[in-house]
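In: I would like the atomic coordinates for the input below:
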Amino acid sequence: MTGTPQQAAELVEYCNGADATPMGRLRREHGVTRTRRVRFWEMDNEAGRKWSALEYASEVVRFARRMREADPDITIMMEYYSWGIEWLPRMLEAAGGDIDS
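Out: Here you go, the predicted structure:
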């Protein structure tokens, strides 16, 4: 989450997209064949260094929605340990519909 939601979607497409997609073609040009897909995506690491709990949850929504446009079958995980378990209910209220765990 140091880039943009568009860049995150491009990474998902690079990893999981069909060979005919723009990022799939780039992957092939790099000599990488797609034999497996990246299913699990954690949204950032130590996000508490950059955002409050609710700012992070809002960013997760922006990124997750764009990433799912590239591959609707990915599993998106949100972290809460930067703020503590007491923030989790509010974070899930803000982002719960766009994450899986």
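
In: does residue 67 touch residue 8 like I think?
Out: Yes. The pair residue 67 / residue 8 is scored as a contact, 5.2 Å apart, by CB atoms under 8 Å. From N, CA and C alone the C-beta is placed, and that goes for glycine too.

In: if you count what's nearby, which of those two comes out ahead?
Out: Legend: neighbour count by other CB atoms under 10 Å for residue 67 and residue 8, higher for residue 67 (24 against 20).

In: helix or strand: which one has the more buried one?
Out: Using DSSP states H and E, residue 67 falls within helix 53-70.

In: can you name every helix or strand that the helix or strand that that helix is followed by contacts?
Out: Using DSSP H and E, the helix or strand that directly follows helix 53-70 along the chain is strand 75-77. Under the contact criterion of 3 or more CB pairs under 8 Å, 6 or more residues apart in numbering; DSSP states H and E, strand 75-77 touches strand 40-42, helix 53-70.

In: contacting residues around residue 29?
Out: With contact set as CB atoms under 8 Å, 6 or more residues apart in numbering, residue 29 has no partners.
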